[in-house]
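Peer 1: how would this look folded up:
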Amino acid sequence: MQIIEMLRKAIGKNPNGTNQMRLFPYQSRQLWFGLLGVLAVGIKWVGAYNPQWVETYYSRGIFQAIRIVVDYSVALLPFASLYIIVPFVLFLWGRQARKWIRRKRSMRQRVTDGLIAFHGVLGGTLTLFLFLWGYNYDRVPLEVQLGIEPLPFEESELLEELEEETAAIMDLRHKVPGLSDTIEFNRSHLPADLEKHLRNNIVSWLDQHGFPTLGRVRGRFMYPAGSFLRFSTAGLYFPFSGEGHIDPGLHPIQWPYVMTHELAHGYGFGDEGTCNFLAYVASIEDEHPAVVYAGHLNYWRTLAIQYRGYNPEAYIAFRDNLPEGIQRDLDGINEAMLKYPDLVPHLQYQMYDAYLKTQGISEGMLNYNRVIMLVKAWRKVSKG
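Peer 2: Below is the predicted model of the structure:
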């Protein structure tokens, strides 16, 4: 009833029809933005129960048009538009706060203004987020569209998968020109135009499997190095600019996998495990040996982390028996990560875990590891 009363004030009428003082124009806008947010969330709620509607009308329809508009406008900038958007938003917030402080009103009226403003900002942000990308969380799952069935791993199956990937990376590392047991993988081993190269990879894979790929999603490096890593994040897809970003502080051998993961978000996939899967399958089908090796090694690390959780002592012995060159690359990854320690340990994990759960991903951060089940199911179907 309070919201209805506020709306009546906004149009300048009391219930009895007499005139009264209007709300300030910004208050009226904020109320409408708030209600728009409620509507957007309501649409998401309906979409969660009707994934085929989301897939047909949004992911393969509206979102494809959004991709074209974004990719041939702001994405043409020679730098990440995040550098413009964030300062601009902070400037607007600062200006609004300054007006709020200077406005000659009682404390009660100031508090009301603040609540209305928060209501509007939250509603407007939610609406933009969902419309520009967020509804993709409720599309038909990738495994359903591919006809595969991801199943949980037993410890013995995990070890078998780890051993298989170990054999792969041992073989693949020798195929990368310029690498040896005494030389660590570095950026010179990667393709010159990495972003374009990786985008072609994932577009090719998605096209082959019937997924639309309109537009040209950008994969940007976000400087200064450590901007994401200090918050336990390797990369970020920013729906408000339609661009993917990765931290250049990562070891170069992580760049192909992480960037392809963010590009996968850009092509309409919200699920983290799905994007890890797409990063893996797009990388291993590449013709460039360094990208193939990097894709397998990053997937290997996911398997290794899971196996270490089951049997720490066995994992240590397993890792110590790896060839010197692979150990050198793994040590290089760890050293790169240690250069940028968390500013607020565990906070990012807890916040993003909560965020994923609000988007309908019940396992939260554990969703990243779903790639293992997806890869196993995919291989089973591929082998016939």
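
Peer 1: can you give me the strands for the stretch 251-384 of the chain?
Peer 2: Assigned by DSSP state E, counting those that start in this stretch, the strands in the stretch 251-384 of the chain number zero.

Peer 1: show me the biggest helix of the chain in terms of residues.
Peer 2: Across the chain, the longest stretch assigned as helix under DSSP state H is helix 107-132.

Peer 1: quick one: average pLDDT of it?
Peer 2: In this model, helix 107-132 has a mean pLDDT of 80.

Peer 1: tell me what it is packed against?
Peer 2: Taking 3 or more CB pairs under 8 Å, 6 or more residues apart in numbering; DSSP states H and E as contact, the helices and strands that helix 107-132 lies on are helix 25-48, helix 63-71, helix 82-102. All C-beta atoms are positioned from the backbone trio N, CA, C, and that covers glycine.

Peer 1: if we go to 10 Å?
Peer 2: helix 2-10, helix 25-48, helix 63-71, helix 82-102 (3 or more CB pairs under 10 Å, 6 or more residues apart in numbering; DSSP states H and E).

Peer 1: Buried residues in it, which are they?
Peer 2: In terms of neighbour count (16 or more other CB atoms under 10 Å), helix 107-132 has its buried residues at 113, 116-117, 119-121, 123-124, 126-128, 130-132.

Peer 1: Just the CA trace of the following helix or strand past that helix, in PDB.
Peer 2: Once helix 107-132 ends, the next helix or strand along the chain (criterion: DSSP states H and E) is helix 142-146. As requested, C-alpha coordinates have been extracted for helix 142-146 and formatted as PDB (Å, rounded to 0.1, in the frame of the first residue of the first chain):
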ATOM      1  CA  LEU A 142      23.700 -27.300 -22.800                       C
ATOM      2  CA  GLU A 143      23.800 -31.000 -21.900                       C
ATOM      3  CA  VAL A 144      20.100 -31.300 -22.900                       C
ATOM      4  CA  GLN A 145      20.700 -29.700 -26.200                       C
ATOM      5  CA  LEU A 146      23.700 -31.900 -26.900                       C
END
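
Peer 1: Show residues contacting helix 142-146.
Peer 2: With contact meaning CB atoms under 10 Å, 6 or more residues apart in numbering, helix 142-146 is reached by 51-52, 55, 139, 148-150, 209-211, 264, 269, 271, 273-275, 277-278, 370, 373-374, 377-378, 381.

Peer 1: for stretch 315-323, same thing?
Peer 2: Applying CB under 10 Å, 6+ apart, the set of residues contacting stretch 315-323 from outside is 159, 162-163, 166, 169-170, 173-174, 181, 300, 304-309, 311, 326-330.

Peer 1: what do you get for stretch 159-170?
Peer 2: 153-154, 284, 292-304, 306-308, 310-311, 314-315, 318-319, 321-323, 325-326, 329-330, 372, 375-376, 379.

Peer 1: Among the residues you listed, name the buried ones.
Peer 2: Of all the contacts of stretch 159-170 considered here, the ones buried according to neighbour count by 16+ other CB under 10 Å are 153, 284, 292-300, 302-304, 306-308, 315, 318, 322, 325-326, 329-330, 372, 375-376.

Peer 1: Columns mean neighbour count, mean pLDDT and distance to L229 on top of the helices and strands packed on helix 107-132, output as JSON lines?
Peer 2: Written out in JSON lines, the entries for the helices and strands packed on helix 107-132 read as follows (neighbours: other CB atoms under 10 Å; pLDDT from 0 to 100; distance: least, CB to CB, whole Å):
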{"stretch": "helix 2-10", "mean neighbour count": "13", "mean pLDDT": "49", "distance to L229": "42"}
{"stretch": "helix 25-48", "mean neighbour count": "17", "mean pLDDT": "82", "distance to L229": "31"}
{"stretch": "helix 63-71", "mean neighbour count": "18", "mean pLDDT": "96", "distance to L229": "26"}
{"stretch": "helix 82-102", "mean neighbour count": "12", "mean pLDDT": "81", "distance to L229": "16"}
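
Peer 1: For those helices, give me CSV that also has distance to A234.
Peer 2: Shown next, in CSV, are these (distance: least, CB to CB, whole Å):
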stretch, distance to A234
helix 2-10, 41
helix 25-48, 27
helix 63-71, 23
helix 82-102, 16
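
Peer 1: Those: which one's closest to I202?
Peer 2: The stretch from the helices and strands packed on helix 107-132 with the least distance to I202 (CB to CB) is helix 63-71; that distance is 13.5 Å.

Peer 1: and the angle for that closest one with helix 107-132?
Peer 2: Comparing the axes of helix 63-71 and helix 107-132 via axes from the mean of the first three to the mean of the last three CA atoms, to 10 degrees yields an angle of 110 degrees.

Peer 1: Pull the residues that contact helix 63-71.
Peer 2: 54, 57-58, 75-76, 81, 131-133, 135-136, 139, 212-218, 239-243, 266-268.

Peer 1: Among the residues you listed, the buried ones, what's the ChimeraX command?
Peer 2: Selection of buried members from these for ChimeraX, criterion 16+ other CB under 10 Å:
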select :54,58,75,81,131,132,133,135,136,139,213,214,215,216,217,218,239,240,241,242,243,266,267,268
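
Peer 1: Tell me which of the contacts of helix 63-71 fall in helices.
Peer 2: When DSSP H defines the helices, the subset of the contacts of helix 63-71 inside them is 131-132, 266.

Peer 1: any chance of the residues you listed in a markdown table, with distance to S204 too?
Peer 2: Shown next, in a markdown table, are those (distance: CB to CB, whole Å):
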| residue | distance to S204 |
| --- | --- |
| F131 | 28 |
| L132 | 25 |
| G266 | 15 |
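
Peer 1: domains in the protein, as residue ranges please.
Peer 2: According to automatic domain parsing, the chain comprises the domains 2-138, 142-382.

Peer 1: rank these by mean pLDDT and give me the bottom one.
Peer 2: Among these, domain 2-138 scores lowest, with a mean of 79.

Peer 1: How far off centre is it?
Peer 2: Its chain's average C-alpha position is 22 Å from that of domain 2-138, according to CA atoms, centre = their mean, to the nearest Å.
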